[in-house]
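Undergrad: with the sequence up front, the predicted model follows.
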Amino acid sequence: MTIKFTAQVVGVEELPDEETLLAGVAEHEDGSGLSLTFMCGLYEPDEQDTALGMDSYCLVTPDQGTAYGGVSEATLQDGVLRVVVAEHDLEALKLDETDIEAGLAVDNESVEQLRRGLRRILAYGRLDARPAIIRL
């Protein structure tokens, strides 16, 4: 099965003080409901990041389930963000299904911002953690 929801909110933000770029989609404006947040550093991973296994982007789900890398596929087409997560990361992400579809109920500029943000985030860090399929 596929987890499906309609995202009323899409955001991309650079947080220089935290050296982080984030992009996310949320079901409701107050952040409740289903959501996906993608994050990466603004700078290349250092030795400490590598030692801690934090040398790639991460995905965070509503219950703070977090996985570094873990996205097998990411597609943004016709107003739908489709993400396939690696099966071995389901428990860490607190998810029951690998396939997630978020219909984007936002304006075209917000969709384009999300597209640009996800391209940057999913290209961050070590090569083996990047999605095998990216259509953004």
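TA: Nice, I can see it. What you see is a predicted model; the values in this text were computed from it and never measured. Numbers count the residues shown, from 1 in each chain.

Undergrad: Glu87 and Gln64, how far apart?
TA: Distance of Glu87 to Gln64, given as Cβ to Cβ, to the nearest Å: 20 Å. (C-beta placed from N, C-alpha, C; glycine too.)

Undergrad: ah, wrong one, I meant Glu29
TA: For Glu29, the distance to Gln64 - Cβ to Cβ - is 20 Å.

Undergrad: helix or strand for the nearest residue to Tyr124 once chain neighbours are set aside, which one?
TA: Take Tyr124 and drop its neighbours on the chain: the residue closest to it by Cβ to Cβ, 6 or more residues apart in numbering is Cys40, 3.7 Å away. In this assignment (DSSP states H and E), Cys40 forms part of strand 35-41.

Undergrad: direction included, what does that strand pair up with?
TA: strand 20-26 (antiparallel), strand 58-60 (antiparallel) (DSSP bridges).

Undergrad: ok, Thr75 - how many residues close by?
TA: 16 (other Cβ atoms under 10 Å).

Undergrad: now swap in Gly24 and tell me
TA: Neighbour tally, Gly24, other Cβ under 10 Å: 22.

Undergrad: surely it touches Cys58?
TA: No. Assessed by Cβ atoms under 8 Å, Gly24 is found out of contact with Cys58, at 11.8 Å.
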